[in-house]
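Engineer: structure, please.
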Amino acid sequence: MTDQLPGAHMREELHSQPETWAIAADLRDAQALLPASGARIAVVGCGTSWFMAQSYAALRESSGQGETDAFAASEAFVDRGYDAVVALTRSGTTTEVLELVDRVKGRVPTIGVIGDPDSPLVSLVDEAVLLPFADEQSVVQTRFATTALALFRASLGEDLSGAIADARAVLTESADDDELRDAEQYTFLGRGWATGLAHEAALKMRESSQSWTESYPSMDYRHGPIAIAAPGRVTWHFGEAPEGLGAQVQATGARFEHRAIDPLADLARLHRIALDRSLARGLDPDQPRNLTRSVILDA
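Structural biologist: Numbers count the residues shown, from 1 in each chain. Reported below is the predicted structural model:
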């Protein structure tokens, strides 16, 4: 062990996100390795990577660039005549991803989007998109996930300048919001591609600070989950919210947290709140309870 302060890695990594997004947006050769418009593809990952896969799938399909399905690697149905499988993993060592790619090798073209260039997945996939500049030391993942999604968004023709500017703004603003940091419970919501971000936000807050969190598609929230809303609790919405939802949440006494900014930048804002909450509870998000950087299962 070193004398590193608790959360020091997470702090550096989450604050570097605007810069890593800008790098990813300029990686034209790497973006060209991703499936072309019109291809029918599956995107797979575990945990955080699965949620980023959900966002990529929604963005790609809604922009008319091809049928795109997202799966947890352990539950993926990839024998459906896909033109390619995209495997997203920070470490490149996750057991379920390696097993899936090995299973389809020689039958379905595979593309790995990987943080560690020395990982076993690099030689297993047909094409490797390497993002070592976004790799991380903290167990709690922040910049690799968002940088991969920035790469995906740029590959679909999106201009990320607004997202990058929004992220820079929220990461440099005052963090003095005790009510938001110290809430009893959080529910995260999103629509379309932001639904994956809502699921990721809930996971991030759970991992870093052992908090009670839930996540849902926005329109489904009123079909039961709104029952949990109450004073001292937060409902956080990523992206454009359905009309009237904010008022309904506020009527329960809960706080409705919503910013009219790029949803990916809002996820970076959540990362900062998660870090502050973790440290306030005496925890170290770089070494969270029961977690490791990569899940490697025994044979």
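
Engineer: use CA for all of it now, contacts and neighbours both
Structural biologist: OK.

Engineer: which helix is the longest one in the protein?
Structural biologist: helix 263-280 (DSSP state H).

Engineer: check which helices and strands it sits against.
Structural biologist: helix 8-15, helix 161-172, helix 178-181, helix 194-209, strand 233-238 (3 or more Cα pairs under 8 Å, 6 or more residues apart in numbering; DSSP states H and E).

Engineer: make it 6 Å
Structural biologist: helix 161-172, helix 194-209 (3 or more Cα pairs under 6 Å, 6 or more residues apart in numbering; DSSP states H and E).

Engineer: in a markdown table: those helices, plus mean pLDDT and distance to Leu27.
Structural biologist: Putting the helices and strands packed on helix 263-280 into a markdown table (pLDDT from 0 to 100; distance: least, Cα to Cα, whole Å) gives the following:
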| stretch | mean pLDDT | distance to Leu27 |
| --- | --- | --- |
| helix 161-172 | 97 | 15 |
| helix 194-209 | 96 | 23 |
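
Engineer: could you identify which of these is most buried?
Structural biologist: helix 194-209 (a mean of 25; mean count of other Cα atoms under 10 Å).

Engineer: show me the contacts for Phe238.
Structural biologist: Contact analysis of Phe238 by Cα atoms under 6 Å, 6 or more residues apart in numbering lists 190, 194, 263.

Engineer: check what pLDDT it gets.
Structural biologist: For Phe238, the pLDDT comes out at 98.

Engineer: which residues in the chain form strands?
Structural biologist: 41-45, 68-72, 84-89, 110-114, 127-130, 185-190, 213-217, 233-238, 255-258 (DSSP state E).

Engineer: quick check: Val43 vs Asp83, distance?
Structural biologist: 11 Å (Cα to Cα, to the nearest Å).

Engineer: those two: who's more crowded?
Structural biologist: Val43 (27 against 16; other Cα atoms under 10 Å).

Engineer: that one reaches Ala70, doesn't it?
Structural biologist: Yes. Taking contacts as Cα atoms under 6 Å, Val43 lies within contact range of Ala70: 4.8 Å.

Engineer: any shared contact partners between the two?
Structural biologist: In contact with both Val43 and Ala70: Ala53, using Cα under 6 Å, 6+ apart.

Engineer: which one of the contacts of Phe238 is nearest Leu100?
Structural biologist: Ala194 (26.3 Å; Cα to Cα).

Engineer: ok so, going back, closest one to Pro35 among the helices and strands packed on helix 263-280?
Structural biologist: helix 194-209 (20.4 Å).

Engineer: what about the helices in the stretch 1-150 of the chain?
Structural biologist: Secondary structure of the stretch 1-150 of the chain (DSSP state H, counting those that start in this stretch): helices at 8-15, 17-25, 28-32, 48-62, 95-104, 121-124, 143-155.

Engineer: and the ones you listed as TSV, adding mean neighbour count and distance to Leu270?
Structural biologist: Shown next, in TSV, are the helices of the stretch 1-150 of the chain (neighbours: other Cα atoms under 10 Å; distance: least, Cα to Cα, whole Å):
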stretch	mean neighbour count	distance to Leu270
helix 8-15	19	10
helix 17-25	22	13
helix 28-32	14	27
helix 48-62	24	14
helix 95-104	18	27
helix 121-124	19	30
helix 143-155	25	12
